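> quick one, structure for this:
(5 chains)
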Amino acid sequence: MPTAADLKPLVVDLLLLFSALLVFSVDLGLPHGRKRGLGFLTALLLAGLFIVTFFVDASGAAFSGAYVGTPWATLFKRVALAGGAIAALGAVDHVDRHYPARQGEYYLLLLFSLTGMTLLPGARDLVMFVVCFELMGLPLAMLATWAKTDDKQGAGRWAAEAGLKLYLVSAASTAITLFGLSFVFGMTGTTSLAGIAAAPMSPLLAVGMMLTIAGMAFKVGAVPFHLWVPDTYQGAPTPFVAFLSVGPKATGFAALAAIILIAFKGNQAQLGSLVLLLVVASIVVGNLMALPQKDVKRMLAFSGVAQIGYMMMGLLAGSQLGLGMLLFYVAGYVATNMGAFLVLEAIGPGRAGVPLEELNGLWKRSPWLGLAMLLFVLSLAGIPFVVGFWAKLYVFMAVFQAGQGWLVLFGALMAIVSLWYYLQIARAVYMGEASAEQRPLSVRPALAAAIGLCLVGVVVMGAWPAPFVESASAAAASFFDPR
Amino acid sequence: MLGQVAFSVVALALLICGFRVVTAKNLVHTVLWLGLMLALTAVVYVMLSAPFLAAIQIILYTGGVLTLMLFGVMLTHRDEGFVAVQNPSGRLAAGGLLAVSVFAMLGGAILRTPELPTAPKGDVSIEELGAAFLTEYVLAFEVLSLLLLVAALGAIVLARRKDAGEEGESQGAVLPARKPLPARVQPTGGEA
Amino acid sequence: MGLNAYLLLSAGLFALGVFGLVTRKNAVGVLASVELMANAVNLNLVAFSRFMGGHVGQVFALFSIAITVAEVVVGLALVIILYRARGDVRLELMSELKG
Amino acid sequence: MGSFFDTHLLSIIVAAPFVAAVLLLMVDDDARLTIRWISLVGSLVSLGGSIQLAAKYQLSRGGLQFAERYPLVPSFGIDLSLAADGWSVSLLLLTGIIITTGVLASWTVSHRGREFFILLLVLVAGVFGVFVSQDLFVFFLFYEIAVLPMYLLIGIWGSRGKVEARGPFAFVWKRFDIGGREYAAMKLTLMLLVGSAAILVVIFAMYFAAGGKTFDLGVLGAARYPREMQLWAFPLLWLGFGSLAGVFPFHTWSPDGHAAAPTAVSMLHAGVLMKLGAFGVIRVGMLLLPDGAAWWAPYVGGIAVINVLYGAVSAMSQKDLKYVIAYSSVSHMGVVMLGAATMTVDGWNGAVYQMFAHGMMTGLFFALVGLVYERAHTRWVPAMGGFAAKMPGVAAFFVLAGLSSLGLPGLAGFVAEFLVFVGAWQSKHWWWALPGIIGAWVTAVYVLRAAKMIFFGDGPAQEFHDLKDARRTEWGALWALGACLILFGSYPRLILDFIHLATNEYLPKLSSAMQLAQLP
Amino acid sequence: MLPMEWARLTLFLPLATALLFIVVPWLRRTGRPAGYLSVLSALVSLAGALVLFNQVLGGARLLGHQVYTWLPHSSLVPGALANGVIQVGIHLDGISVSMLVVVTLVASCVQIFSLGYMADEPKHDFGRYFTWQSLFLFSMNTLVLAPNLLQLFMGWELVGLVSYLLIGYWWKKPSAAKAALKAFWVTKFADMGLVAGLIVLFLHTGSFEWTGAVAVATPVTLLLFLAVMGKSAQFPLHIWLPDAMEGPTPVSALLHAATMVAAGVFLVVRAFPLFAQAPDTQTVMAYVGGFTALFAAVVAVVQTDIKKVLAYSTCSQLGYMVCALGAGSQVGGFFHLTTHAFFKALLFLGAGSLIHAVHSNDLRHMGGLFSKMRVTGVAFIVGALALAGVPGLAGFFSKDLILEEVAHKGLWLPLGALLLAAFLTAFYMGKVVFLALFGKPSSHAEHAHEAGPSMLVPLVGLSVLAVAAGYFGATLSGLYGEPVHFHVAPIGIVGTVMGLIGLGMAYWMFGAPQGGASLRAAFAPVGRLAASGAVDKLATAMYRNVLTAVADAVGWFDRYVIDGLMNGIAYGTLEAGSKLRVIQTGRVGDYVYVIVAAMVLMGLYGAFWR
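You can find the predicted model right below:
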């Protein structure tokens, strides 16, 4: 029977739930047009929770092993909470301007989605996986459509398209996942990962496994399951995309790691070659297709696909080093990518697409924003002294240790290809000439704060990566040996 | 023997229904075929001695989902009736190919799996289910309830025509103001 | 009547669902196809629990049903938004974002 | 070594420009004089530190001195560990001289001057770092830092040359704005980074082959790597670093890049950065992978020979002044690589000394070219003529630099080239010296011809009426570099003793490998 | 003062002067003061040289030898030479000291002469001129005092540099700039041989000393001789010398007649121990020298520019010296070098004085100048006769010595060439004298008048030497090699007679009022051939059609093929990116299709991987 002790690993998630309810009730309390504070409240709560994670002891297994609280899970919780806080902060002005009456629900959905994210990494049960994924995914689809309208300019320009594309693809992939899981369960008679690992292999089980992995690959947006990514990113409201581009990815990796390295750890050889395929495909397609893009959001979407490929290298290594560096990469990626998208929001507030020209002469319109954008793209490209460099470096190190030296060379070369389009952004920011009607930018404080947070993360983790790396590898260790 | 006949009949019916669901021209028919198929699935559940699930199936699906989808069809129809758009044959062929390959893959895997049992094991009582929900799966159960809450809430907010405090897009008309099909907006994805 | 009969049946349904998913042009039609696939899933689960014993399969099936319902709800909401936005629910209308 | 300044000399040298850059971040954009003085002081501190280092470095003891070590990423054994050997001393000195004169030479940069100096200083901090870092990873880190600011420096402050798209690949240039500064900047960055991609792989290979505990150069150098690994690893390093050293055929970034770059940047890039590449090949490639180096030495030398002649001859055909100098750099870096490939004491002494000498020579060259371009607003040599009437000083220094580049005794260039030729003749491929000698003559041909076409003869033409000679700070730069050329040319032991010391310590490591390589 | 200190003074005072002028521009720009300073330092170093010379005459064969390590050198390559050092320093013996005297003496004269000759140059150019003059003196002394071939090479290159600078003194004149460039290119081309030779020598003996046995003497000496041909303007590398006359006449006198061009000969004298080990090289030298002597003399005959005549005459005389050395006569070569230095400097300065008077180089613009400029005239005639080898004058002795040695070695072909050259020399010198000094004055020559003292003093001094130098042959020869006692050899008489015939013919053709037309007609074809400058044309063609063409080809290749390839890679990548975009159709149906298809593939992989 479940006891109160079972809740110990879930403290943070429960608190998150309570804060969601708090936001909900405050929303009900607030009169229309006064709801701007909700964003700050959400950000504050999430930040608080983020700090809380450092003090509560959320270790131990619960619900007869269906859920384990480990540093691994905790670190993912932190990443998600930090991302959520930044997302809420960065969204304040956007939400307040464009959907003043739907603010409460916006943050509420954000929080629920976050709950899904924080819950999943600790889950060790297929059912939990499915449910958490849905809890995470459905709100995303709705938030992507949040603008509803179809005006030709603002945030809503492609709202319906972005949302529905995400929704339909995700529904299909959910069905696929479920179908796979049904086989997995059927052939093993259990839904706990440990039990699955123990069961003997059979074609049907293998198929189930493959279908499951396919579904998860959709969540992280690896090639060829990435096709929705650019369209949705371009169409959805930018502050939300900032969140969409990192949160689900992190969670997806947690799930993939659990499925591949725990449930099916008996089949590393076959899965390894599969993951390798995904890695190469993601890096190549993502980078090459980002090259000709003219819309920055779209470009960043494709670059994100490529980044996923790099992160998956850590998964490919499958070692403690690999997972640790994957985790570090994810953490750095959250700061970097969110920062980049938020800068775009600051440039074209409430605009769905951001053509490259809009960045022209940004250094003059707002030097700090320009510098921030430069650092973000440099980090994405993997240039020293911003976090992206270390992230790439460490996953390279991991795969090299795993005996895939050529993959390092390949990855590094493709990173140079990526530099082409990242430098297009840097070019526009520092060498482009701002057109006449582009005035000096004034960034709203909330958004500025969010960008600042990302910037701090990027620079700090880049200048002094040691502590983060240490904790990441410690977390990875706990993933393999939870106690 | 009888079981086999019954199964074959039901299975055939199911497949036919499924086929009609994905091919019916008229959307209303699609939805109705879907309902029929769901009901037949319930019958299969009964054959698999899962009466509780059968009941749920009938109530939730045929009761809930079906109605919802009918609403959906009604709300989103255009004057030219409920006729779905025709497909180019090439697309149909491609889809068929895909479906066949899916089936081949699954079927292959199923047939290549030797140790599949042929005899059913013991039944499952509703008490067991309830216990399972409240013990080993209680966490998932809670999350599920959250999920449903989220779905409902979000759906309401999204589908609500006119947000309180917002000036609605079209002044509360029951049917949307007929917009002309939007002219193709130039894709901004880059040079063609 | 062996397990694999049921599995093949659900596989068939799943394949049909896939067919609808990729050929249907109407959003509602696509939703219906998704339903079809989900139904195949449930059939699978129930069959497994029947032949492998244990109640887990049915529990799983119930979860899956609930999830599907939630999805349909959201899906329809989105479809309605699409209709409001474009005045139609033909999927090929939403192909402004590409390349 | 008592005081703080002695124990932390290297970190001071490396940090000074960086600190100056950070200070500049806070300075107001249009406080021009403040900006320049801060950068000048920053570079002067480094220069002074380097001189102090040369003074305090104990030739009697030799080896690594002034060692410092701070853990960076303990879990991977990455330390920020700095120390100086004889080579570092000379190259630090060079870097100090070049950056100081570079700041002086770009005193008049006014367009976005603050950012310009910030990037310049960050870049040079990276260069200093490379020369003193004893941790392979930090070495690579600094290397990247030294390479990357180049993109913005060229892209923002660069100038465009005229190159028309022709030839079998003309269609390719439809996509690129060939000759444009952004094109040059992008090309330079990408080509150099491709090199570092190759380097990265080898670094990992060595790291794990040596036990995956530390990146310390000493430890990695002590480890014996399997021969087959060395055989594939060395060429990667050679081409990786070589792409920065302008090794044929990966030199094509250099003409466009140097031509497009602003004065101080070309000074720094041709004067110091290209040396990083050659330094990497010797310090990392040859010392850590002796077997591979010994096996590949014939190819390294062969390519280097091609560089020398090819670069010189291409330079002869150039009409754009900056391209002439850029190609001459390609040719002279060939001399460096040639010296390295000989694997003899004289060859290596010559190689390092050539880095030093060519650094100052080409620095002087680009400073002058910058002056001419700034005054005449053209780089098209045939359009010029008789400039000496208006700018005698510039003409004189141009001839001086030219003489050094063609290896006139008494100027720094001669010492280096002579040593390299001696080394080449000692090596297994004595004939390598011949192309070198011929290359020196071809240099004489095109350099002095350029000098004649620009400065001598009648003229200057009407459109160049407002030509002026160098200005105050520019005089400073020219005199400093010119004096160095003469000083180190007539009394080479000032530097060569340091170099010789380090060479004598390092080269024996290779002797066994070379005997191995001599086996069939 | 000790010899070494005198030597250092001699060596470094000019350098100090030059550096002073370089780093203190205003001093340079004062003009005449700078000139005086430079002359002063030249005179001081002359004094030093004389002191040393005196001490050598005192009988000390080796006054001093002092070296400093210039480059550390060590070799760890197994089998190669052991550790050693590369040194520079000062070496004082008979050869270096007597050469030092010649150099400083002529240099002082020339500098003094220049004070007058360059008087009407702008101040700063005047200063620049004397800066280079001092620098030249330093460079030449470096070369002369070198303790080993490396330092000699340094001085060698430095004098080459100064020659470049001084030829290009009037850089505004395109012809001058071009001539300077040509001189540098040609000599530098030859110097490649010197570098290579030095390296080979170094690697086989471990030092740059000229003493000691060398296994590879022949290749080394051949390489060195290549450089000699360049510097000492031996055929076919003589092409730069006539153009070098673009420089101021005193410069031609100092560099391109007396000292610098003689550096090549000096090199051979210095490194004679090496050459002595390479008979083959010596033979080559003998033939090259002999041919050059004849060839240059022939060309000199048809020149109408007085300086060109003297230039070719210099070539020819250098040919004599080289031939002598080829014949193994160190003394003969060096002795002729000395005497030639004096009378050729004299001739050039005299010519300079004439040119100064008529403001033209062209013989046809002169004539009848003797009456107007007696001192110059006499001096010039003395020089001419000395060059012609008239008995009693300097040229006579050295030339005879050479002829005798060559005959002694039995090198008949070179001997014939030399004899013919002797005849031609006398002939063209006579021609110059008769055309320039006698005959009827041309329009230019009317206002000609004698030059000032600063120009006359050197003339007088040099003419004295041109007469006297010959009588010190025995003494001089004692300073280096074995002392030879001079006697009139039969072959010497032949040479003298040929010379006299030449003079006579010159008088008959150019001096006598009329006549000689038939002879002129007879010589015409030879003259045309000689005047055509075929070698020069060939060199130009090589530069234009070979070197430049190759360069352009390579440049094109680099820009459009190599670089094209590099850009092609980037281009291909970008193209691939654009092509890939078609998979992003924007239709959600396609997206789902792809996903399911991928799922099928993965499923198949799973179902059938065993």
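> near chain C, anything from stretch A:179-197?
Yes: Stretch A:179-197 lies within reach of chain C by Cβ under 8 Å from any Cβ of the partner chain, at A:F179, A:L181, A:S182, A:F183, A:F185, A:G186, A:G189, A:T190, A:T191. Bear in mind the C-beta positions are built from the backbone N, C-alpha and C, glycine included.
> dump those residues to CSV, plus secondary structure and neighbour count.
Formatted as CSV, the residues of stretch A:179-197 next to chain C follow (DSSP: H, G, I helix; E, B strand; the rest coil; neighbours: other Cβ atoms under 10 Å in any protein chain shown):
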residue, secondary structure, neighbour count
A:F179, helix, 31
A:L181, helix, 27
A:S182, helix, 30
A:F183, helix, 31
A:F185, helix, 27
A:G186, helix, 25
A:G189, coil, 16
A:T190, coil, 17
A:T191, coil, 26
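> got CSV for those, with pLDDT and distance to D:T342 too?
Listed next are the residues of stretch A:179-197 next to chain C as CSV, based on pLDDT from 0 to 100; distance: Cβ to Cβ, whole Å:
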residue, pLDDT, distance to D:T342
A:F179, 94, 68
A:L181, 93, 67
A:S182, 93, 71
A:F183, 93, 67
A:F185, 92, 70
A:G186, 90, 71
A:G189, 87, 73
A:T190, 89, 70
A:T191, 90, 70
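> now distance to chain E too, for those, in TSV please.
Converted to TSV, these look like this (distance: Cβ to the nearest Cβ, whole Å):
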residue	distance to chain E
A:F179	9
A:L181	13
A:S182	13
A:F183	10
A:F185	16
A:G186	15
A:G189	19
A:T190	19
A:T191	19
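> quick one: the strands in the chain, in order.
I'll assume chain A. With strands called from DSSP state E, chain A shows them at A:60-62, A:67-69.
> you answered for a different chain; I wanted chain E.
Counting by DSSP E, chain E has these strands, from start to end: E:62-73, E:84-93.
> kindly reformat these as CSV containing distance to chain A, mean pLDDT and mean neighbour count.
As requested, the strands of chain E are exported to CSV (distance: least, Cβ to the nearest Cβ, whole Å; pLDDT from 0 to 100; neighbours: other Cβ atoms under 10 Å in any protein chain shown):
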stretch, distance to chain A, mean pLDDT, mean neighbour count
strand E:62-73, 38, 83, 18
strand E:84-93, 43, 83, 20
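> tabulate these in JSON lines, adding columns for distance to E:D558.
Shown next, in JSON lines, are the strands of chain E (distance: least, Cβ to Cβ, whole Å):
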{"stretch": "strand E:62-73", "distance to E:D558": "35"}
{"stretch": "strand E:84-93", "distance to E:D558": "36"}
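> out of those, which comes closest to B:I56?
strand E:62-73 (93.8 Å; Cβ to Cβ).
> do the closest one and chain D meet?
Yes: Strand E:62-73 comes into contact with chain D (Cβ under 8 Å from any Cβ), by way of E:T69, E:W70, E:L71, E:P72, E:H73.
> ok, D:M333 touching D:L273?
No: applying Cβ atoms under 8 Å as the test, D:M333 and D:L273 come out as separate, 10.7 Å apart.
> which of these two has more residues huddled nearby?
D:M333 (32 against 27; other Cβ atoms under 10 Å in any protein chain shown).
> which helices and strands sit right next to the helix or strand where the more buried one lies?
In this structure, D:M333 sits in helix D:321-342 according to DSSP states H and E. With contacts taken as 3 or more Cβ pairs under 8 Å, 6 or more residues apart in numbering or on different chains; DSSP states H and E, helix D:321-342 sits against helix D:227-245, helix D:253-260, helix D:263-268, helix D:274-280, helix D:290-317, helix D:345-376, helix D:412-426, helix D:433-455.
> can you redo those helices as a markdown table with mean pLDDT and mean neighbour count?
Formatted as a markdown table, the helices and strands packed on helix D:321-342 follow (pLDDT from 0 to 100; neighbours: other Cβ atoms under 10 Å in any protein chain shown):
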| stretch | mean pLDDT | mean neighbour count |
| --- | --- | --- |
| helix D:227-245 | 92 | 23 |
| helix D:253-260 | 90 | 28 |
| helix D:263-268 | 90 | 29 |
| helix D:274-280 | 93 | 27 |
| helix D:290-317 | 92 | 24 |
| helix D:345-376 | 92 | 28 |
| helix D:412-426 | 91 | 29 |
| helix D:433-455 | 92 | 23 |
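> dump those helices to TSV, plus distance to E:S45.
Output for the helices and strands packed on helix D:321-342, formatted as TSV (distance: least, Cβ to Cβ, whole Å):
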stretch	distance to E:S45
helix D:227-245	46
helix D:253-260	45
helix D:263-268	40
helix D:274-280	41
helix D:290-317	39
helix D:345-376	31
helix D:412-426	25
helix D:433-455	30
